[in-house]
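A.B. asks: here are the coordinates; sequence isn't available:
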Ligand code: GLN
């Protein structure tokens, strides 16, 4: 079996780009190797690994869980089935957060439900004077975040617990969160790859706003005067989030779209 033959066979089963990436990860060859020397033999155990991955991808398992990594804002993060796979939509949350850090010398940031740590780590690396605390209820997820922070050189504090519980008595300049916000039973949960992701990171098991409500409710007690709360949410939850924020005494509530033009991030300040 050659690289070219293995690739051609896989392309019959799965997406072309996924086939190429899986072959590169299984064999250690580059895209250039595949183009220049497709006659190179694929040896064991790489071939068996590649065949197994193609089968699992064909059955619906996401590419990121097979290769154990995914990219976010140009950085490679390790992922496991304990964490959501990074979405490009979440870049909006990071951008909106960075835009609100100006003027604070050593901003203190809290990321609730950090998962793989993409938001906390991106903020720590892109605002090097910031102090960043990352919280997650799931110990396995927090271990992924801590590992990513170490590999990427981000000094963040990782704390296990339920939303604000691990930061009792502490106040921040900015709180960010990408919580579970899909309503129970939403057909989106059955979409490509989602059944393989941690359901507790996707859905609140209720109307989709349960976690957003809890985060808004606890924010004032954990923000400095003037501090911002920024939330990622579903495409149809912008108005509900702005209402929650305003009802909790926040000012200047806004909603910002993602790259596809859907409402994705809302925020406000005290
Ligand atoms: N945006 C993700 C999706 O639609 C959901 C992420 C989340 O629930 N926090 O798949």
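C.D. replies: Arrived safely. Since the model is a prediction, treat every value here as computed from it, not as a measurement. Residues are numbered from 1 along each chain as shown.
A.B. asks: for residue 253, which three-state class applies?
C.D. replies: Following DSSP: H, G, I helix; E, B strand; the rest coil, the label given to residue 253 is strand.
A.B. asks: quick check: it touching residue 246?
C.D. replies: Yes. In this structure, residue 253 is within contact of residue 246 by Cβ atoms under 8 Å, at 5.3 Å. No exception for glycine: its C-beta is placed from N, CA and C like everyone else's.
A.B. asks: the two: which is more packed in?
C.D. replies: residue 253 (20 against 14; other Cβ atoms under 10 Å).
A.B. asks: ok, now which ones touch that one?
C.D. replies: By Cβ atoms under 8 Å, 6 or more residues apart in numbering, the residues touching residue 253 are 241, 242, 245, 246, 266, 267, 268.
A.B. asks: switch to 7 Å and redo it
C.D. replies: By Cβ atoms under 7 Å, 6 or more residues apart in numbering, residue 253 lies in contact with 242, 245, 246, 266, 268.
A.B. asks: and the second one, how far from residue 270?
C.D. replies: Pointing back at residue 245 there. According to Cβ to Cβ, to the nearest Å, residue 245 and residue 270 sit 10 Å apart.
A.B. asks: of those two, who's got more company?
C.D. replies: residue 245 (23 against 15).
A.B. asks: burial count for the nearest residue to the more buried one once chain neighbours are set aside?
C.D. replies: Counting by Cβ to Cβ, 6 or more residues apart in numbering, residue 268 is the residue found nearest to residue 245 once chain neighbours are left out, at 4.0 Å. Using other Cβ under 10 Å, the number of residues around residue 268 comes to 22.
A.B. asks: residue 268 pairs with what?
C.D. replies: residue 229 (DSSP bridges).
A.B. asks: report the contact partners of the closest residue to residue 21 other than its chain neighbours.
C.D. replies: Once flanking residues are discounted, residue 21 sits nearest to residue 63: 6.5 Å by Cβ to Cβ, 6+ apart. By Cβ under 7 Å, 6+ apart, the residues touching residue 63 are 18, 21, 57.
A.B. asks: in stretch 250-268, what's buried?
C.D. replies: If you call a residue buried by 16 or more other Cβ atoms under 10 Å, then stretch 250-268 has these buried ones: 250, 253, 255, 256, 258, 263, 264, 265, 266, 267, 268.
A.B. asks: same check on stretch 92-107?
C.D. replies: Counting neighbours by 16+ other Cβ under 10 Å, stretch 92-107 gives 92, 93, 94, 96, 97, 100, 101, 104, 107 as buried.
A.B. asks: just for the stretch 101-250 of the chain, where's the confidence low?
C.D. replies: Counting by pLDDT under 70, not a single residue of the stretch 101-250 of the chain qualifies.
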